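**Student:** Kindly generate the corresponding structure for this input.
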Amino acid sequence: VDACGVCQGDSSVCAGCDGVPWSGRKFDACGVCEGDNSTCSGCDGKPNSLLAFDACGVCGGDASSCRGCDGVPNSRKVLDACGVCGGDNKTCTGCDGVVGSGLRFDSCSNCGGNDSSCALPYMVEFSGEVCRGGAGGAKLLWQGPSNRSSSCVLCLFR
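**Tutor:** Model prediction:
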């Protein structure tokens, strides 16, 4: 008779997972003697669930909850006000510093200007002109910073 009371037995009938008859020790769900199921538990605490934490720290997640606009988990990249991923709003900020204003510097370096406020023309030419009635005159031609030419004729009458 073995330790378990079985005739010609090997004491395995009443042995615990440690091989000791009547020890009362048992295998856990992971197959570990006297284990606590932690060696095969998923992040949900359930044995053999196979669930794991994703890159965002979400149990069983797909890493989408912390994905940046570039598609990379935890990149922290977001779309700026101009719609640029990871941008700094500079691509759509006007010269006034306002996002989306559309203002640009004119050729006179004035934000939102129309080239009309430039202080001095870059080029001035005078040439002789004949006015109606034979009066003498002078043609004034100037070209401003915008490279647009303008002219006028001054007529002198007596």
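**Student:** the strands in this structure, which residues?
**Tutor:** Assigned by DSSP state E, the strands in the chain fall at 123-130, 136-143, 149-155.
**Student:** same question for the shortest one, mean pLDDT?
**Tutor:** Taken as a whole, strand 149-155 has a mean pLDDT of 61.
**Student:** Could you do stretch 91-110 as well?
**Tutor:** On average, stretch 91-110 scores 91.
**Student:** in it, what's buried?
**Tutor:** 92, 93, 95, 103, 106 (16 or more other C-beta atoms under 10 Å). All C-beta atoms are positioned from the backbone trio N, CA, C, and that covers glycine.
**Student:** tell me which of those is nearest to residue 48?
**Tutor:** Lowest distance from residue 48 to the buried residues of stretch 91-110 (C-beta to C-beta) belongs to residue 92, with 52.7 Å.
**Student:** any idea what sits nearest the closest one, other than its immediate chain neighbours?
**Tutor:** residue 82 (3.7 Å; C-beta to C-beta, 6 or more residues apart in numbering).
**Student:** for that neighbour, what are its contacts?
**Tutor:** 89, 90, 91, 92, 93, 99, 100 (C-beta atoms under 8 Å, 6 or more residues apart in numbering).
**Student:** 7 Å - rerun?
**Tutor:** 89, 91, 92 (C-beta atoms under 7 Å, 6 or more residues apart in numbering).
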